[in-house]
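Novice: quick one, what's the 3D model for this:
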Amino acid sequence: MADYHDAKSEVLVNLDIGNLLVNSVALLKASIDSDPSEEALKHVASLGAQQLLQEIFKLPSEYHEHVPVAKLPEPLISIPREKYVPKEKTMTKWEKFAKEKGITKKRKDKLAWDDESKGWKPLHGYRSKNNEKQWCMEVPANGDPNADYFAKAKEEKKEKIAKNEYQRLRNIAAATKSKVTNLESVDMADKHQLSRSLSAAKTATASLGRFTDKLPHEKAPKNKMKKRQFKPNVPKNMKEERENNLKIFQTLDKKNPKLNIQEAVQRYMTKPLKEGDEGKSGKPKKSKKGKFVKNLFRGGKKTKGTFKKRS
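Specialist: Predicted structure coming up:
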């Protein structure tokens, strides 16, 4: 670090022009001896900045876009960087092959000569040579004259785009060391799947497809849900309100509650069966019928016990 001594101010200034850094040892000494004031600190800072600018103007310079730029020397203090040093980019398959064979990348021309318009046209983009629609195609000598070569060229272009995209993904996977799965073909949807998708898309609107235009020869959906109808909170007239209140009053005024006969009979029939199957412990009893039948076929005696008839 270069030392610069100012005779007038008697301040020792250390300069690191590569980092545009200025510091003064005298500031530390002044802070120990007595607390420096704000004016003293500003004075020392202005002197240091002045000496730094004087040293910068002494450096060799060059003009860049009509502006003089000084060439800074190597910094004296090594400052650690904020982020990690970037790793080398992993080469693709083609880059490795080109490096082994010594193939250099040739820069392509942006313009190409067009014989039809007798002028230069860009290869890609707006008003390019291949951008205009091709109205005529030459049929090969061995080709089928009835084939559609326009559709064939369009399909080949799609295949090239898909191949380039697959190679790009494969290069990314090789750089990240991950496995690329093979692309699977998607089966064509059948008639029922298309109809289900169509009905789901139509009923996805806020009106549940009520105002959606129907396609020609379209069948109505089979399982169409009906919207629930609720009675209005405010009746239309006094007569309707009086009838509603009268129905509520008649229901509450009945002495005998409303009885569901079918449900009552079903409960009455199932109750004794549950009581007979459960003993004191709450567990269902084992039937003695099986033991009686076994003794009967073996020629043994009947087991003692009484069998009550279920009510």
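Novice: what lies in contact with stretch 209-219?
Specialist: 202-203, 205 (Cβ atoms under 8 Å, 6 or more residues apart in numbering). Backbone N, C-alpha and C define where each C-beta goes, glycine included.
Novice: of those residues, which is the nearest to His64?
Specialist: Nearest to His64, judged by Cβ to Cβ, of those is Thr205 at 61.9 Å.
Novice: where exactly do the helices run in the protein?
Specialist: 25-33, 38-57, 93-101, 149-176, 191-202, 238-253, 261-277, 289-298 (DSSP state H).
Novice: pick the most buried one from those helices.
Specialist: Of all the helices of the chain, helix 38-57 has the most neighbours on average by mean count of other Cβ atoms under 10 Å, namely a mean of 13.
Novice: Ile17: how many residues sit nearby?
Specialist: Ile17 has 20 neighbours, counted by other Cβ atoms under 10 Å.
Novice: quick one: it and Ile56 touch, right?
Specialist: Yes: using Cβ atoms under 8 Å, Ile17 makes contact with Ile56 at a distance of 6.6 Å.
Novice: okay, and the common contacts of those two?
Specialist: Common neighbours of Ile17 and Ile56 (Cβ under 8 Å, 6+ apart) are Leu72.
Novice: against Asn164, how distant is Arg170?
Specialist: 11 Å (Cβ to Cβ, to the nearest Å).
Novice: over to Phe97?
Specialist: Distance from Phe97 to Asn164, by Cβ to Cβ: 17 Å.
Novice: returning to what we had before: can the contacts of stretch 209-219 go into CSV with extra columns for pLDDT and distance to Lys29?
Specialist: Listed next are these as CSV, based on pLDDT from 0 to 100; distance: Cβ to Cβ, whole Å:
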residue, pLDDT, distance to Lys29
Lys202, 80, 86
Thr203, 79, 85
Thr205, 82, 81
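Novice: quick check, nearest of the residues you listed to Ala49?
Specialist: Thr205 (69.6 Å).
Novice: how many neighbours does the closest one have?
Specialist: Neighbours of Thr205 (other Cβ under 10 Å): 11.
Novice: can you report phi and psi for Gln229?
Specialist: phi -100, psi 120 (degrees, to the nearest 10).
Novice: any idea how many residues pack against it?
Specialist: 5.
Novice: so what pLDDT did it get?
Specialist: pLDDT for Gln229: 75.
Novice: I'd like the numbering to begin with 34 instead of 1 from here.
Specialist: Got it, the first residue is 34 from now on, which makes the last one we talked about Gln262.
Novice: any idea how far Ile112 is from it?
Specialist: 78 Å.
Novice: hmm, back to that, same list (the contacts of stretch 242-252) but as a markdown table, adding distance to Met302.
Specialist: As requested, the contacts of stretch 242-252 are exported to a markdown table (distance: Cβ to Cβ, whole Å):
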| residue | distance to Met302 |
| --- | --- |
| Lys235 | 49 |
| Thr236 | 45 |
| Thr238 | 51 |
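Novice: now do stretch 157-166, average pLDDT.
Specialist: 69.
Novice: got it, and stretch 269-277?
Specialist: 84.
Novice: could you do stretch 128-143 as well?
Specialist: Regarding stretch 128-143, the rounded mean pLDDT is 86.
Novice: which residues are in contact with that stretch?
Specialist: Against stretch 128-143 from outside (Cβ under 8 Å, 6+ apart): 124, 155-156.
Novice: again, only using 6 Å
Specialist: Outside stretch 128-143, no residue is within contact range by Cβ atoms under 6 Å, 6 or more residues apart in numbering.
Novice: Phe282 and Glu273: what is the separation?
Specialist: Going from Phe282 to Glu273 by Cβ to Cβ gives 15 Å.
Novice: Glu95 now?
Specialist: Glu95 is 97 Å from Glu273, by Cβ to Cβ.
Novice: now swap in Gln167 and tell me
Specialist: 75 Å.
Novice: so, low pLDDT: which residues of this protein?
Specialist: Low-confidence segments of the chain, defined by pLDDT under 70: 34-45, 59-61, 63-69, 162-166, 210-220, 254-260, 288-292, 305-344.
Novice: centroid-nearest residue for it?
Specialist: In the chain, the residue lying closest to the centroid (Cα atoms, centre = their mean) is Leu202, at 18.2 Å.
Novice: show me what contacts it?
Specialist: Leu202 neighbours (Cβ under 6 Å, 6+ apart): none.
Novice: any idea how far it is from Ile194?
Specialist: Per Cβ to Cβ, Leu202 is found 13 Å from Ile194.
Novice: please apply the same query to Gln84.
Specialist: Counting by Cβ to Cβ, the gap from Gln84 to Ile194 is 63 Å.
Novice: one more: Lys287?
Specialist: Distance of Lys287 to Ile194, given as Cβ to Cβ: 79 Å.
Novice: now swap in Glu276 and tell me
Specialist: Glu276 is 73 Å from Ile194, by Cβ to Cβ.
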